[in-house]
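In: Sequence plus the predicted model coming up.
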Amino acid sequence: MKIIPLGEGAFTVDKTKQFVPFKVGQDDLQQRPVGSLLVEIQPFAIITSKDILVIDTGLGFTNEDGVLQIHQNLLNNGISPLDVTKVLMSHLHKDHSGGITKKDTVLQQRFFSFPNATYYVNKDELAFALDKANTSYKTEDFEMLRNAEQVVLTEGDGMIDDYIRYEVTGAHSPFHQVFWIKDEGETVFFGGDVAPQLQQMKSRFIAKYDFDGKKCMELRQQWWEQGQKENWIFLFYHDIKTPVFHF
Ligand SMILES: [Zn+2]
């Protein structure tokens with residue numbers, strides 16, 4: 001499998017849940033509000049023997065030319081957004097779901113950013129997010145998921161095309177899900193925001209921003225041990241230095 005991190009840059013985020021760009025080596029973390037977290041925003045493209053996958057969709061910010069950042073990052077890697085076949089969503093917090101749709105400023109209408117892809121979203125996560133519209137969920141970005149032909153609303157755990165396994169973990173958000181992609185003898189693991197950074201895998205800590213921080217901690221520990229035994233390739237959505245980790 002070919003794994004392509006689609007980094008959108010580093011940001012700080014605090015209680016207000018605003019993502020403020022942060023230039024590493026230039027900006028000073030001490031100047032940001034107390035309690036600010038420094039995170040990368042990093043969707044992934046994976047080219048498997050069967051698909052071009054996108055995992056989570058970034059903030060949905062556009063560049064000066066009005067091009068969605070995730071589109072530009074794909075194009076920079078020689079992938080047309082039209083060629084993406086599946087979009088896998090861990091959960092719908094705005095830093096993951098911003099690129100699900102894009103508003104056409106001329107037509108004043110929203111379209112799926114990956115028109116030829118099937119989107120896989122947990123049904124309960126979608127219902128929860130639409131109901132709980134708040135600073136973490138920006139419903140306009142994903143309302144279209146509700147009844148669209150190209151959307152599969154998953155329920156519980158299951159398999160996609162016999163090689164992608166999804167499992168509902170909750171823990172970070174009530175219906176957060178994670179993915180294992182097994183292809184050509186390799187296993188790629190995406191733990192979403194339950195396992196967002198390499199450093200978190202190695203230390204026991206409970207984060208305040210999680211729905212169930214203790215469960216997140218326990219899952220991280222379990223995956224770290226199992227991944228080592230089974231030679232998983234870990235993808236870290238919020239890691240600034242190590243997007244992809246292989247033992
Ligand atoms: Zn989240």
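Out: Cool, the structure landed.

In: Quick check: closest non-adjacent residue to residue 189.
Out: residue 232 (4.4 Å; C-beta to C-beta, 6 or more residues apart in numbering). Yep, even glycine has a C-beta here, placed from its N, CA and C like the rest.

In: what's around the one you found, how many residues?
Out: 21 (other C-beta atoms under 10 Å).

In: Just the pLDDT for it.
Out: Here, the pLDDT recorded for residue 232 equals 98.

In: For it, give me its contacts.
Out: 180, 187, 188, 189, 223, 226, 247 (C-beta atoms under 8 Å, 6 or more residues apart in numbering).

In: So it versus residue 145, what's the distance?
Out: 28 Å (C-beta to C-beta, to the nearest Å).

In: Repeat that for residue 74.
Out: Going from residue 74 to residue 145 by C-beta to C-beta gives 20 Å.

In: what's the helix or strand for residue 222?
Out: helix 213-230 (DSSP states H and E).

In: Around the ion, pick out the residues from this protein.
Out: By C-beta under 5 Å from the ion, the part of the chain that sits against the ion consists of 93, 193.

In: top strand in the chain by residue count?
Out: Longest strand in the chain, counting residues (DSSP state E): strand 177-183.

In: Once you drop chain neighbours, what's closest to the residue most central in space within the chain?
Out: Centroid-nearest residue in the chain: residue 56, 3.2 Å away (criterion: C-alpha atoms, centre = their mean). In space, residue 56 comes closest to residue 96 once its chain neighbours are excluded; the distance is 4.3 Å by C-beta to C-beta, 6+ apart.

In: in a helix, that's where the one you found is, yeah?
Out: Yes. According to DSSP: H, G, I helix; E, B strand; the rest coil, residue 96 belongs to a helix.

In: follow-up on the earlier one: adding pLDDT, write the contacts of residue 232 out as a markdown table.
Out: Formatted as a markdown table, those follow (pLDDT from 0 to 100):
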| residue | pLDDT |
| --- | --- |
| 180 | 98 |
| 187 | 98 |
| 188 | 98 |
| 189 | 98 |
| 223 | 98 |
| 226 | 97 |
| 247 | 85 |
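
In: Restricted to buried residues, select the residues you listed in PyMOL.
Out: Burial among these is assessed by 16 or more other C-beta atoms under 10 Å; the matching PyMOL selection reads:
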select buried, resi 180+187+188+189+223
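
In: Which residues are in contact with the residue lying closest to residue 74 once chain neighbours are set aside?
Out: Of all residues not flanking residue 74 in the chain, residue 81 sits nearest, at 5.6 Å (C-beta to C-beta, 6+ apart). When contacts are counted by C-beta under 8 Å, 6+ apart, residue 81 touches 68, 70, 71, 74, 75, 113, 114.

In: let's go with 6 Å and repeat that
Out: By C-beta atoms under 6 Å, 6 or more residues apart in numbering, the contact set of residue 81 is 71, 74, 114.

In: what sits against the closest residue to the ion within the chain?
Out: Residue nearest to the ion within the chain: residue 93 (3.4 Å; C-beta to the ion). Contacts for residue 93 were tallied using C-beta under 6 Å, 6+ apart; they are residue 136.

In: Try it again at 8 Å.
Out: 136, 137, 173, 193.

In: swap in residue 225?
Out: Counted by C-beta under 8 Å, 6+ apart, residue 225 has zero contacts.

In: And the helices in the protein?
Out: All helices of the chain, identified by DSSP state H, fall at 69-76, 94-97, 123-131, 198-202, 213-230.

In: got TSV for these, with distance to residue 237 too?
Out: Listed next are the helices of the chain as TSV, based on distance: least, C-beta to C-beta, whole Å:
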stretch	distance to residue 237
helix 69-76	13
helix 94-97	7
helix 123-131	16
helix 198-202	11
helix 213-230	14
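
In: Much appreciated, bye for now.
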